[in-house]
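In: Got a predicted model here, sequence first, then my questions.
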Amino acid sequence: MSRIGRAPIAIPAGVTVNVAEDNTVKVKGPKGELERKIHNDMKVKVEEGQIVVERPSDDKTHRSLHGLSRSLIHNMVVGVTDGFSKNLEINGVGYRAQKQGKNLNLSLGFSHPVIVEPREGISFEVPSANAIVVNGISKEMVGQVAAEIRNFRPPEPYKGKGIKYAGEHIRRKEGKAGAKGKK
């Protein structure tokens, strides 16, 4: 049996969980409300302050959906209580980030500034000119927005310039060998 799937999810104080007939799970907490449809084969039960996900058989698809469904619901519970954040770092001469209202203004060496508007439920913080923090209650949305920001100028392997995740290791390459043996 799936080790992740069989672990119950504790419901913290201040969080309400509702499971509809069509397996739509609604989680409401202090930071907001999330809703997600879980696969119809999975059985989601709320009992004694815990959420339990059960599978109908040991079929391969049911086994794979078991742990996934439990993880998705757990991320919803964590999101409405604590929230999620991704830290990005900007490296490069002249590369910087600024916050303009709710929007993020990035100077990334292009002839124009890159303006990023936050999606619903996402907020940006700019603690310094070369650091960005993406915050939100949906882990999936926070990761997607952070990946889109990183995609504007991914780190390059020669000088390491670009936007990278905090703690991400960039494999560096050696530059040209020079003009050895040429006349």
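Out: That came in fine, so what should we check first?

In: Do you know the pLDDT at the residue nearest to the spatial centre of the chain?
Out: Nearest to the mean C-alpha position of the chain, counting by Cα atoms, centre = their mean, stands residue 143 at 2.4 Å. You'll see residue 143 listed with a pLDDT of 96.

In: Which parts of the protein are helices?
Out: Assigned by DSSP state H, the helices in the chain fall at 3-6, 60-81, 139-152.

In: who's in contact with the shortest one?
Out: By Cβ atoms under 8 Å, 6 or more residues apart in numbering, the surrounding residues in contact with helix 3-6 are 53, 55, 63, 66-67, 69-71. For glycine as for every other residue, the C-beta is placed from the backbone atoms N, C-alpha and C.

In: what's the model's confidence in it, averaged?
Out: Computed over helix 3-6, the average pLDDT equals 86.

In: Just the CA atoms of it, as CSV, please.
Out: Extracted in CSV, the C-alpha atoms of helix 3-6 (Å, rounded to 0.1, in the frame of the first residue of the first chain):
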residue,chain,number,x,y,z
ARG,A,3,3.0,5.0,2.3
ILE,A,4,2.1,8.5,1.3
GLY,A,5,-1.5,7.6,0.4
ARG,A,6,-2.4,5.8,3.6
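
In: buried sites along it?
Out: residue 5 (16 or more other Cβ atoms under 10 Å).

In: again, but for the last one
Out: Judged by neighbour count (16+ other Cβ under 10 Å), helix 139-152 contains these buried residues: 139, 141-142, 144-146, 149-150.

In: Over to the longest one?
Out: Of the residues in helix 60-81, those buried by neighbour count under the rule 16+ other Cβ under 10 Å are 62, 65-81.

In: and if you look at stretch 108-125?
Out: 108, 116, 118, 121-124.

In: show me where pLDDT drops low in the chain?
Out: 1-2, 178-183 (pLDDT under 70).

In: all strands for it, in order.
Out: Counting by DSSP state E, residue ranges of the strands within the chain are 9-10, 16-19, 24-29, 32-37, 43-47, 50-54, 84-91, 96-100, 103-107, 114-116, 122-128, 131-136, 162-165.

In: since we're on residue 42, how many residues are nearby?
Out: 19 (other Cβ atoms under 10 Å).

In: any idea how far residue 33 is from it?
Out: Plainly put, residue 42 is 21 Å away from residue 33 if you go by Cβ to Cβ, to the nearest Å.

In: Also residue 162?
Out: The value you get for residue 162 to residue 33, if Cβ to Cβ is used, is 36 Å.

In: More neighbours: which of these two?
Out: residue 162 (20 against 13).

In: related to what we said a few turns ago, residue 174 is nearest to which of the helices of the chain?
Out: Among the helices of the chain, the nearest to residue 174 by Cβ to Cβ is helix 139-152 (24.3 Å).
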